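> take a look and give me a structure for this.
(one chain, ligands or ions: 2)
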Amino acid sequence: MPPISRGFHGRRPAVDPARVPPGQYVVEDFPVLSAGPTPRTPLEEWSLALRGEVDATPTWSWRDFLELPQETFTIDIHCVTKWSKLGTTWTGVSIDTLLRGTTEAEYVTAFSDGGYTTNMPLEEIVGGKAWIVHTFEGEPLDPEHGGPARLLVPHLYFWKSAKWVRGLKLTLEDEPGFWEAGGYHNFGDPWREQRYWSD
Ligand SMILES: Nc1nc2c(c(=O)[nH]1)N[C@H]1C(S)=C(S)[C@@H](COP(=O)(O)O)O[C@H]1N2
Ligand SMILES: [Mo]
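Ligands and ions are numbered 1, 2, ... in the order given. Predicted coordinates for the structure are as follows:
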């Protein structure tokens, strides 16, 4: 028996404070944050596309997508509304695997069923830093969390991780996405607390 009661907090795994960006708190649950209704695209109609300034603009069906090399990894995620969730495990396809061919593009806009968009410099999603994921903790990703597939860019605030993603548009110029045009920071680094335009 431990000498001191853990009180009303219950049993919690120890948190390494070095993993929690400034102003964030750690949650055990997985909050849902969606700007609109959850789209339900049947898998037979689903596709993933590369568009814009890239010399190969492939489209993958659901089956094609699942046949690409898959990676399973465990990572921390940080929402601008201040929750962080540590040690989440995902399976999906690295953006490096999707981006064939050369590109002059400097920026990328992810686009989703339902019209959501989010933008970032292209270099933020290559080099093993981002994936399109379809499995969370070994189970198909819930529609509420972006299933069948979402972008995952864990080193930026979670609004960059577009749910229900259907493609990536590569661009020469930066094009602010849904929340970026609505007052959220254009880059969104949680370690620099880049939450809003003014940060
Ligand atoms: N398509 C789409 N993607 C989205 C959003 C959205 O409203 N639509 N919300 C973003 C925001 S603000 C956050 S914090 C995360 C929330 O993901 P979750 O609901 O899985 O926690 O998804 C991001 N991706
Ligand atoms: Mo968010």
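> alpha carbons only for contacts and neighbour counts from here, please
OK.
> now do the contacts for F30.
K85 (CA atoms under 8 Å, 6 or more residues apart in numbering).
> let's verify it: helix, strand, or coil?
Judged by DSSP: H, G, I helix; E, B strand; the rest coil, the three-state class of F30 is coil.
> ditto for K85
K85 falls in the strand class when you classify it by three-state DSSP.
> so where is this protein shaky, pLDDT-wise?
The chain contains residues with pLDDT under 70 at 1-13.
> can you rerun that using 90?
Where the chain drops to pLDDT under 90, the residues are 1-15, 55-56, 100-102, 197-198.
> what does it put close to ligand 1?
30-35, 79, 112, 116, 145, 158-159, 161-164 (CA under 6 Å from any ligand atom).
> most neighbours out of those residues, which is it?
Highest neighbour count within those: K163, with 31 neighbours (other CA atoms under 10 Å).
> ok, the closest residue to it other than its chain neighbours - contacts?
Closest residue to K163 apart from its sequence neighbours, by CA to CA, 6 or more residues apart in numbering: G146 at 3.9 Å. Contact criterion CA under 8 Å, 6+ apart gives A162, K163, W164, V165 as the residues in contact with G146.
> in JSON lines, list those along with distance to I75 and secondary structure.
Converted to JSON lines, the contacts of G146 look like this (distance: CA to CA, whole Å; DSSP: H, G, I helix; E, B strand; the rest coil):
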{"residue": "A162", "distance to I75": "17", "secondary structure": "coil"}
{"residue": "K163", "distance to I75": "17", "secondary structure": "coil"}
{"residue": "W164", "distance to I75": "20", "secondary structure": "coil"}
{"residue": "V165", "distance to I75": "20", "secondary structure": "strand"}
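> quick check, T41 in a strand?
No - the assignment for T41 (three-state DSSP) gives coil, which keeps it out of a strand.
> can you map out the strands along this structure?
Secondary structure of the chain by DSSP state E: the strands cover 25-26, 47-52, 59-61, 71-78, 83-94, 107-112, 117-121, 131-136, 139-140, 150-152, 165-171.
> to G177, which of these lies closest?
For the strands of the chain, the distance to G177 is smallest for strand 117-121, at 4.1 Å, taking CA to CA.
> got the angle for the closest one vs strand 165-171?
If you take axes from the mean of the first three to the mean of the last three CA atoms, to 10 degrees, strand 117-121 sits at 40 degrees to strand 165-171.
> mind listing what strand 117-121 pairs with, with the direction of each?
Taking DSSP bridges as the criterion, strand 117-121 forms sheet pairs with strand 107-112 (antiparallel).
> angle of the partner strand against strand 47-52?
Using the same axes, to 10 degrees: strand 107-112 against strand 47-52 is 150 degrees.
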